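In: Pasting the sequence and the predicted coordinates here, then a few questions.
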Amino acid sequence: MTFTYIFFPVSIFLYFISISGFGKLLLKTCRLDNLLNNHYRNIEFFFGLFFIGFVSLLFNLKYNFSDIYSVSIITIGILIYLFFFIYNPKKIAEIYFIFIIILISFFLSFFSLSNDDFFGYHLKTILNFKDYNSFDITHGRTTSYNSHWLLINSAYFLKSFPVSIFCILSLLYSLTIMDFYKSFKYNYENKNYIPSLFSFFCLVFFIGVLNQYKDFGTDVPGQIILFYFLLIFFEKQKVILNKNDKKIFAILVFLSMFSFVIKIYNGLIFIFLFFIFLKLKNKLYLLITSAFISIPTFFWILQNYIISKCLIWPLTFLCFANLKTSKIELQMIEQFAKGDFTLSSNIDGINWVSMWFANHFHKIIETYALYILILFMPPLIYYIRLNHSNKSIYLKEVKNFFYSFYISNKSFISFILISNIIWFIFIPAYRFGIFFNLSLVVFIIIPFWNEIIKSGKKFYFNSFKIIFSIATIFFLIENITKYSNYINRHGYIWPNIEISSLK
């Protein structure tokens, strides 16, 4: 047990440099390594994960993921990373960065409580890939969901060292925190205020609200990728639309595909991607590029068919067998999302709305009410402190920004409204709508901050420090509390994973 505690941070370190090694190699090969000003390290991490996911998917068509396979890919990635590290002129800065990432990742994941990832169908899916190839996996109601995130975790999961299951997701979260903080500063310094504010508000949400490992599951990783999609779009909007930058568009296509194979409802992002595509030139070239980027997705669909006889389980219209069970599964998802936890109520028409308010609405209020209140307090205080004439100017500027931003970004507004409507009509559970709900909230709040960030810079940074501190306190409280909760439930044996009981 002492060995587990000591070697866990070491394993986080090894996983990080291994995945980063593959990401660096792929970005360098595609000549995308300097595209995003080097302040989005998670893009490198995404490329590494996607590359290993694709290679592992092909490997799993014939072989299972033994621990030998996992150790091999970890080792290869480390060697690739070390090759790039030798030629890195900023070695000290890189070492410092890695130390911070490991620290956050360790604190988040150490002594995490149990959830579906480790005790339910998620771990069963991971073990399926560890024990069988795709053709030998038996179709099951839950294990056929085939989130690509679980296959990636399976490729890196060591059955001989169970805590390795915590590494990838905690690293993803840590890198997200660092990236959005860097984006907040970088875009402010370059007077690119919308992505700076977007980074600020998302950062506060990630730290202050989305701060418990046990709540992440397979829903959060794909939605984090979508937040990167919006951040990159608004940071590079002029480059994409005015200069028809094909490489930036290619990254947006990549992020869309990756989020989709992790969770299929993330495919709503294709609506916005299509709107962007319509505004660009060289459409044939973009289509060919997009088709090339989509190759791993096509193999993922093939794997779905092999396992469940559905191109995407449990979408009945894409199934060639198991039609009845897929219909039942879809109905169960919809009923649960609409508040029918007993799966016995009538959800036709609008019968489900009152049930949803009773069973789900309180979760959304608990999640967003305090967050919105905290973010609205500084603009309110700023407004109160202004003299009468400046108050009129401030309100006018807010109104003008509302008009100019929403008129010039009709595609985005249309997408975010459509996606929230689709979410509410079909799957209105909190965990399915984090990206869509938060994006709507953030872009309603931004106009009230826009004048502050331009005219009241000192007030802006003081507000950021206070709000960031409040969010960090929430993060610390939640993650310190989990230690005592875990010990009270399970004792000091960690992780509480009984692999043998799930076979």
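Out: Structure received.

In: For residue 235, grab the count of nearby residues.
Out: Other residues near residue 235 come to 25 when the count uses other C-beta atoms under 10 Å. To be clear about C-beta, it is placed using only N, CA and C from the backbone, and glycine gets the same treatment.

In: What strand or helix carries the closest residue to it other than its chain neighbours?
Out: Nearest non-adjacent residue to residue 235, counting by C-beta to C-beta, 6 or more residues apart in numbering: residue 195, 4.2 Å away. Here residue 195, judged by DSSP states H and E, is contained in helix 193-208.

In: Helix, strand, or coil at residue 351?
Out: Recorded secondary structure, residue 351: coil (DSSP: H, G, I helix; E, B strand; the rest coil).

In: Number the residues from 205 up from this point.
Out: In the new numbering, first residue 205, that becomes residue 555.

In: Distance check, it against residue 539.
Out: When distance is defined by C-beta to C-beta, to the nearest Å, residue 555 is 11 Å away from residue 539.

In: Between the two, which is the more surrounded one?
Out: Taking neighbours as other C-beta under 10 Å, residue 555 and residue 539 compare with residue 539 leading, 19 against 12.

In: right, and that one touches residue 552 too?
Out: No. Applying C-beta atoms under 8 Å, one finds residue 539 not in contact with residue 552, separated by 11.1 Å.

In: quick one: low-confidence ranges for the stretch 505-654 of the chain?
Out: Applying pLDDT under 70 to the stretch 505-654 of the chain picks out residues 547-550.

In: brain fart, the chain
Out: By pLDDT under 70, the weakly predicted segments of the chain are 205-207, 240-242, 317-324, 447-448, 547-550, 702-707.

In: still on that earlier bit, any idea which helix or strand comes after the helix holding residue 399?
Out: Reading on from helix 397-412 to the C-terminus, the next helix or strand found by DSSP H and E is helix 423-439.

In: Following element in sequence after that next one, please.
Out: Next along from helix 423-439, by DSSP H and E: helix 441-447.

In: what comes into contact with stretch 211-218?
Out: Residues outside stretch 211-218 that contact it (C-beta atoms under 8 Å, 6 or more residues apart in numbering): 278, 282, 302, 306, 309-310, 313-314, 365, 367-368, 370-371, 374-375.

In: Please repeat the previous calculation with a cut-off of 10 Å.
Out: The contact list for stretch 211-218, computed with C-beta atoms under 10 Å, 6 or more residues apart in numbering, reads 208, 278-279, 281-282, 285, 302-303, 305-310, 313-314, 360, 362, 365, 367-368, 370-372, 374-375, 378, 698-699.

In: Show me how to select, in PyMOL, the buried members of those.
Out: Applying 16 or more other C-beta atoms under 10 Å to the contacts of stretch 211-218, the buried members can be selected in PyMOL as follows:
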select buried, resi 278+281+282+285+305+306+308+309+310+313+314+360+362+365+367+368+370+371+372+374+375+378+698+699
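
In: the inter-axis angle of the helix or strand where residue 653 lies versus helix 397-412?
Out: Under the criterion of DSSP H and E, residue 653 resides in helix 638-659. In terms of direction (axes from the mean of the first three to the mean of the last three C-alpha atoms, to 10 degrees), helix 638-659 departs from helix 397-412 by 130 degrees.

In: helices and strands around helix 638-659, which ones?
Out: On a contact count with 3 or more C-beta pairs under 10 Å, 6 or more residues apart in numbering; DSSP states H and E, helix 638-659 meets helix 397-412, helix 423-439, helix 566-589, helix 592-612, helix 614-630, helix 661-694.

In: Quick one: distance of the second one to the chain centre.
Out: Centre-to-centre, helix 423-439 and its host chain are 7 Å apart (C-alpha atoms, centre = their mean, to the nearest Å).

In: now swap in the last one and tell me
Out: A distance of 20 Å separates the C-alpha centroid of helix 661-694 from that of its chain, computed with C-alpha atoms, centre = their mean.

In: Repeat that for the shortest one.
Out: Counting by C-alpha atoms, centre = their mean, helix 397-412 is centred 14 Å from the centre of its parent chain.

In: Same question for the fifth one.
Out: Distance, stretch centre to chain centre, for helix 614-630: 19 Å (C-alpha atoms, centre = their mean).

In: Who are the packing partners of it?
Out: helix 423-439, helix 473-482, helix 527-541, helix 592-612, helix 638-659.

In: what's the closest of those helices to residue 488?
Out: Closest of the helices and strands packed on helix 614-630 to residue 488 is helix 473-482, at 11.6 Å (criterion: C-beta to C-beta).

In: quick one: the closest one to helix 423-439, angle?
Out: Using the same axes, to 10 degrees: helix 473-482 against helix 423-439 is 20 degrees.

In: okay, the helices and strands packed on helix 614-630, which one's buried deepest?
Out: Sort the helices and strands packed on helix 614-630 by mean neighbour count, taking mean count of other C-beta atoms under 10 Å, and helix 423-439 sits at the top with a mean of 24.
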